[in-house]
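> Sharing a model that was predicted from the sequence below.
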Amino acid sequence: MSWRTRSLCSTRMVSIPSAAAWQQAYDAWWTATEATRRPCPRCGRRRVRHGRRARYVEGRGESTWVAVIRLRCRPCHTVETVFPPWLWPYLSWHLALWVVLCAARWEAGQSWSQIAQGVTSTPATVRRCVRAWQRHLVGWRQQALQAVAPWGVPLAVAWVVTTAASGVAADWAALVRLWSAVATALAWPGDPPLVAWCAGAPHIVPAALVPPHTHWGRRLRAAGGCPP
Ligand SMILES: [Zn+2]
């Protein structure tokens with residue numbers, strides 16, 4: 001982690017690989033999850049490889065391209081671009097960097113210009129992006145609670161209920177706490193907890209609560225998608 005990113009978020013550290021490491025990380029992830037991603041979510045048949053697509057990734061003041069695998073189901077005439085849990089469609093920043101931005105704003109209380117400096121962006125861009133996430137916090141919390149409740153993680157639930165009523169920072173804190181609780185309970189690998197949650201949530205959450213009319217929503221509604 002660079003000193004700039006570290007200075008963004010002193011309250012909770014996350015590991016952020018350099019841009020050059022993304023392809024390696026993607027290939028390792030694909031090898032580990034190919035067996036579960038190969039079957040078509042609609043018909044269950046094995047899908048064939050359909051080349052790769054270049055995906056732009058920004059982070060830590062640098063950028064790169066990752067060759068992302070595409071899968072095709074011949075009977076269904078569908079093609080899916082296979083994204084890892086830490087890289088979402090339509091978002092050029094990877095997930096670990098988003099978490100750092102949100103934490104810098106809602107945990108450390110930093111100004112937009114301070115945050116923008118750390119990621120080599122403009123204050124307006126950073127503000128717009130973080131606020132886009134803010135709109136989803138309540139939905140994400142409901143979704144995480146839905147997953148946690150039947151498994152009895154009473155501490156996390158009680159904590160969320162008592163703290164989540166007061167503003168965005170509390171919403172975010174509650175969410176981080178929930179993601180951590182679920183990731184720990186299931187021993188899902190991932191750093192930060194949001195990545196672990198994204199990796200594991202499709203197995204236990206039947207439907208995403210992200211508004212279905214959005215790009216994310218369309219993507220996440222699909223079986224095998226990765227709800228936040
Ligand atoms: Zn199919």
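Cool, the structure landed.

> Going by C-alpha atoms from here, please, whenever you check contacts or count neighbours.
Will do.

> can you dump the C-alpha coordinates of stretch 37-57 into CSV?
What follows is stretch 37-57, C-alpha atoms only, in CSV (Å, rounded to 0.1, in the frame of the first residue of the first chain):
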residue,chain,number,x,y,z
ARG,A,37,-18.7,-20.2,-12.8
ARG,A,38,-18.7,-22.6,-15.8
PRO,A,39,-22.3,-23.8,-15.7
CYS,A,40,-24.9,-21.6,-17.2
PRO,A,41,-27.0,-19.9,-14.5
ARG,A,42,-30.1,-20.4,-16.7
CYS,A,43,-29.9,-23.9,-18.1
GLY,A,44,-27.1,-25.4,-16.0
ARG,A,45,-25.1,-26.6,-19.1
ARG,A,46,-21.3,-26.1,-19.3
ARG,A,47,-20.4,-22.9,-21.1
VAL,A,48,-17.6,-22.5,-23.5
ARG,A,49,-14.8,-19.8,-23.4
HIS,A,50,-15.6,-16.9,-25.6
GLY,A,51,-12.4,-14.9,-25.6
ARG,A,52,-11.5,-12.1,-23.3
ARG,A,53,-12.4,-8.5,-22.9
ALA,A,54,-10.1,-5.7,-21.9
ARG,A,55,-11.3,-4.1,-18.6
TYR,A,56,-9.9,-0.8,-17.5
VAL,A,57,-8.9,-0.7,-13.8
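
> Now do the buried residues in that stretch.
37-40, 46-47, 55-57 (16 or more other C-alpha atoms under 10 Å).

> Check what contacts it and list those residues.
19, 63-74, 76, 79, 81, 92-94, 222-224 (C-alpha atoms under 8 Å, 6 or more residues apart in numbering).

> Could you name the helices and strands sitting against the longest helix belonging to the chain?
Assignment by DSSP state H gives helix 167-186 as the longest helix of the chain. With contacts defined as 3 or more C-alpha pairs under 8 Å, 6 or more residues apart in numbering; DSSP states H and E, helix 167-186 has these neighbours: helix 95-106, helix 137-148, helix 154-163, helix 193-204.

> which stretch in these is the model least sure about?
Lowest mean pLDDT within the helices and strands packed on helix 167-186: helix 154-163, a mean of 55.

> Can you give the domain ranges for this protein?
17-93, 135-228 (automatic domain parsing).

> Enumerate the residues of this protein near the ion.
40, 42-43, 73, 76 (C-alpha under 5 Å from the ion).

> S63: which element?
strand 62-73 (DSSP states H and E).

> Tell me which two of the buried residues of stretch 37-57 sit farthest apart.
Greatest spatial distance in the buried residues of stretch 37-57: R46 and V57, 28.8 Å, computed using C-alpha to C-alpha.

> for the residue nearest to R141 when sequence neighbours are not counted, what are its contacts?
Excluding the flanking residues, the one nearest R141 by C-alpha to C-alpha, 6 or more residues apart in numbering is L175, at 5.7 Å. Shown in contact with L175 (C-alpha under 8 Å, 6+ apart): 137, 140-141, 144, 160.
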